[in-house]
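# Below are the sequence and a predicted model for it; my questions follow.
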Amino acid sequence: MELTLLGTGTPQPSPRRAGPSNHLSIGAESVLVDTGTGCVRRMVEIGEDTTDLDYIFLTHMHSDHTIDLAHVLLTGWIRYRKRPFTVVGPARTRDFVERLVHAFEEDIRIRRLHDRVGEDVMNVRVVEVDHGDHVEGDGWRATALEVKHGYVKPALGFVFEEDGSSLVVSGDTAVSDAIVEAAASADMLLHELMYTQPHRGGPAPDGRDYHDVDRENLTEFARRIANSHTCPHGLAEVAARSEVPHVVATHMGDVDEPWSREVISANYDRTLTFGEDLMRFTV
């Protein structure tokens, strides 16, 4: 399978990083994992087309992971897509997709998209999954994992398997035993990495590592965020416990890479990559 990082950023707008999104060429199919800001443009940059997508996976309902789903759907229909989209995600994904399409009903009517592609193509197929559920594609399989994204429930990661190779995509999560277990038999782990600068005081993490911060002294909002993500020390734990051969970090803002790499590599001596938009890997 081939993995391309379409967007490696966070909810904070960045000229360098698009929102969280990844593309997989897996088996005989084209798969999108999350639909963060700019994912359609990034797809064009790598020569992929929304008309060719076979599956769209959503890890959770946070806006930075879903905000361009309408762009994906509408662009596919505008470009004369030949078959319905299939969206895979956690509980409430169906309601989200239905409301999203409803929000653009006037645009859909004015463009006469039903006439352009047909009623059947306009019917988005939604598959809601929970921990342990499988989705079978053409020559590949995906397995859903429940992860620890704090107050966001449900939140999922996914294991993608093809011809004996395996990729784990963490989604947004704190240190998760489910991810560690899955990564132990995987070839690559694509894992979020927040707070990639050393903490130098202050009442909230705001981009800095909270590993040594007394979280009881944080505001409730800051504590919720801190307990929902993975810092370099946490990623070092996940990588070391799983012994996965290759870790690719994503979901980052401004990165103090030398410091973050030093923290992670203190416990993990295998391949570590700090992701950038449009990086491509063969798994």
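That came in fine, so what should we check first? Please read these numbers as outputs of a predicted model, since none were measured by experiment. Numbering: from 1, shown residues only.

# right, and residue 247 touches residue 235 too?
Yes: checked against CB atoms under 8 Å, the pair residue 247 and residue 235 is within contact range at 7.0 Å. (C-beta placed from N, C-alpha, C; glycine too.)

# joint contacts of those two?
Each of 191, 264 lies in contact with both residue 247 and residue 235 under the rule CB atoms under 8 Å, 6 or more residues apart in numbering.

# Which element is encountered next along the chain beyond the helix or strand bottoming out on mean pLDDT in the chain?
Here the helix or strand of the chain ranked lowest by mean pLDDT, DSSP states H and E is helix 220-226, holding a mean of 80. Proceeding N to C from helix 220-226, the next assigned helix or strand is helix 232-242, under DSSP states H and E.

# Need the residue in this protein that's farthest from the chain's center.
Ranked by distance from the centre of the chain (CA atoms, centre = their mean), the top residue is residue 115, with 33.1 Å.

# Helix or strand: which one has that one?
Following DSSP H and E, one finds residue 115 within helix 113-117.

# now the strands for the stretch 101-250 of the chain?
Ranges of strands in the stretch 101-250 of the chain, per DSSP state E, counting those that start in this stretch, are 125-128, 134-136, 141-146, 156-162, 165-169, 188-192, 246-250.

# Out of the ones you listed, which is the most enclosed?
Highest mean neighbour count of these: strand 188-192, a mean of 27 (counted as mean count of other CB atoms under 10 Å).

# and that strand, which strands flank it?
According to DSSP bridges, strand 188-192 forms sheet pairs with strand 165-169 (parallel), strand 246-250 (parallel).

# ok, back up a step: give me every residue that touches the residue farthest from the centre of the chain.
Listed by CB under 8 Å, 6+ apart, the contact set of residue 115 is empty.

# remind me which residues of the stretch 151-283 of the chain are low pLDDT?
199-208, 210 (pLDDT under 70).

# Could you rerun that using 90?
Filtered on pLDDT under 90, the stretch 151-283 of the chain yields the residue ranges 151, 194-228, 253-255.

# Give the buried residues for the least confident helix or strand of the chain.
Under the neighbour-count criterion of 16 or more other CB atoms under 10 Å, helix 220-226 has 222, 223, 225, 226 buried.

# elements contacting it?
In terms of contacts (3 or more CB pairs under 8 Å, 6 or more residues apart in numbering; DSSP states H and E), helix 220-226 is not packed against any helix or strand.

# Centre of the chain to that helix, how far?
Helix 220-226 sits 21 Å away from the centroid of its parent chain (CA atoms, centre = their mean, to the nearest Å).

# Convert that helix to PDB, retaining C-alpha atoms only.
Written as PDB, here are the backbone C-alpha positions of helix 220-226 (Å, rounded to 0.1, in the frame of the first residue of the first chain):
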ATOM      1  CA  GLU A 220     -10.500  22.900  32.800                       C
ATOM      2  CA  PHE A 221     -10.300  23.500  29.100                       C
ATOM      3  CA  ALA A 222      -6.500  23.200  29.000                       C
ATOM      4  CA  ARG A 223      -6.700  20.000  31.100                       C
ATOM      5  CA  ARG A 224      -9.300  18.500  28.700                       C
ATOM      6  CA  ILE A 225      -7.000  19.200  25.700                       C
ATOM      7  CA  ALA A 226      -3.900  17.900  27.500                       C
END
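
# and the residue nearest to residue 261 when sequence neighbours are not counted, what does it touch?
Distance criterion CB to CB, 6 or more residues apart in numbering; nearest residue to residue 261, sequence neighbours excluded, is residue 272 at 6.5 Å. Shown in contact with residue 272 (CB under 8 Å, 6+ apart): 239, 246, 247, 249, 261, 264, 265.

# now residue 272, what's its secondary structure?
Secondary structure assignment for residue 272 (DSSP: H, G, I helix; E, B strand; the rest coil): strand.

# For it, list each beta-bridge partner.
Going by DSSP bridges, residue 272 is paired in beta bridges with residue 247.

# Okay, it and residue 184: tell me how far apart.
Distance, residue 272 to residue 184, using CB to CB, to the nearest Å: 17 Å.

# same deal with residue 165?
In terms of CB to CB, residue 165 sits 15 Å off from residue 184.

# can you give me the helices for the stretch 1-150 of the chain?
When assigned using DSSP state H, counting those that start in this stretch, the helices of the stretch 1-150 of the chain occupy the ranges 39-45, 63-66, 69-78, 93-103, 105-111, 113-117, 119-122.
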